[in-house]
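Chemist: predicted model, plus sequence, below.
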Amino acid sequence: MVNILFCGNDKVFDGMLTCALSILKRTQSQEPFAFYVFTMDVSHIKDTYVPVTDAQTEFFENIIKQYNHGNTVKKVDVTDIYMSEFGGCPNEGAYCSPYTLIRLFADKIEGLPDKLLYLDVDIMFNRDVHLLYDTDIEGYEYAAARDHYGKYLIRPDYVNAGVLLFNLRHMKETGLLAKARELIKTKKLLFADQSAIIRSTTKKKMLPQRFNDQKFLHKHTVVRHFSKRLFWLPYPHTDNIKQWQVSRVHKVFRYYQFDDILYEYIYLKEKFNREVKQ
């Protein structure tokens, strides 16, 4: 079983669907996938901070089961844990949203597997997920690749937390997530959860950049992370193009390698919208 963790509100549906499709379409083995989705209702902070819906979860499950009937999805509502742990904390207004913090609850959820691949939803797999998932992380808390900008601006081993291969059993032994939660509760951190994870790490395994490529797409790239990046032309600026913005992926990046995935996503999203309106 390959275990995947997503986190977010109902707005991550497009990312969940495109990312999952890329995994299912690019992976050759018949091993089933277990998708876990941490979500919560914190609409008291912002109206749009509402959970992944039951309709989205059911539709997602129907799609992944078409690839393998053994594939599963489990939605985990962490609202109560969030309010107990982080309600009113200094990082509640995190650089993205409070939903970036909830992967730090992985050690508090019963029944999660020892090996768990956390993924931001703005990610596409260009090659087989097993190239990443089968990494030996015995004796490490997690495996991660360097942050494209942080490795230059902060320090050479500064990692990007958008792709984290958790050794959850070892993380519980070292207390990494408990230490990270304490930092979130007591200190205002520049990159909130990412900073807390890095500061709390005892031992991590460094992965090659191809497992979390935040700027380029090479033939050997396993994971393309569509995070915010710097463009030099026609003038220096940043942009945050996501994979589900298909026309922009074509126009700006000139990527066509994902078209089989993205065209299926467009069809499925239209189908979902029709079903919801009925």
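Modeler: Nice, I can see it. Numbering: from 1, shown residues only.
Chemist: pLDDT below threshold where in the stretch 51-200 of the chain?
Modeler: Within the stretch 51-200 of the chain, the set of residues satisfying pLDDT under 70 comprises 94-95, 152-153.
Chemist: in it, which spans are strands?
Modeler: 72-77, 115-119, 123-125, 142-145, 163-167 (DSSP state E, counting those that start in this stretch).
Chemist: columns distance to Y133 on top of those, output as TSV?
Modeler: From N, CA and C alone the C-beta is placed, and that goes for glycine too. Output for those, formatted as TSV (distance: least, Cβ to Cβ, whole Å):
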stretch	distance to Y133
strand 72-77	16
strand 115-119	6
strand 123-125	10
strand 142-145	10
strand 163-167	7
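Chemist: F258 is nearest to which of these?
Modeler: F258 sits nearest to strand 123-125 of all the strands of the stretch 51-200 of the chain, at 5.6 Å, using Cβ to Cβ.
Chemist: pull out the buried residues from the closest one.
Modeler: Under the neighbour-count criterion of 16 or more other Cβ atoms under 10 Å, strand 123-125 has I123, M124, F125 buried.
Chemist: I'd guessed the last one sits against L21; true?
Modeler: No - shown here, F125 and L21 do not form a contact pair, counting by Cβ atoms under 8 Å, at 9.2 Å.
Chemist: gap between A196 and T18?
Modeler: Distance from A196 to T18, counting by Cβ to Cβ, to the nearest Å: 28 Å.
Chemist: K271: which of the strands of the stretch 51-200 of the chain is closest?
Modeler: Once the strands of the stretch 51-200 of the chain are compared by Cβ to Cβ, strand 72-77 is nearest, at 17.5 Å.
Chemist: how about Y36, secondary structure?
Modeler: strand (DSSP: H, G, I helix; E, B strand; the rest coil).
Chemist: shouldn't it be in contact with Y118?
Modeler: No - Y36 is beyond contact range of Y118, at 9.4 Å (criterion: Cβ under 8 Å).
Chemist: okay, and the common contacts of those two?
Modeler: Common contacts of Y36 and Y118, defined by Cβ atoms under 8 Å, 6 or more residues apart in numbering, comprise L5.
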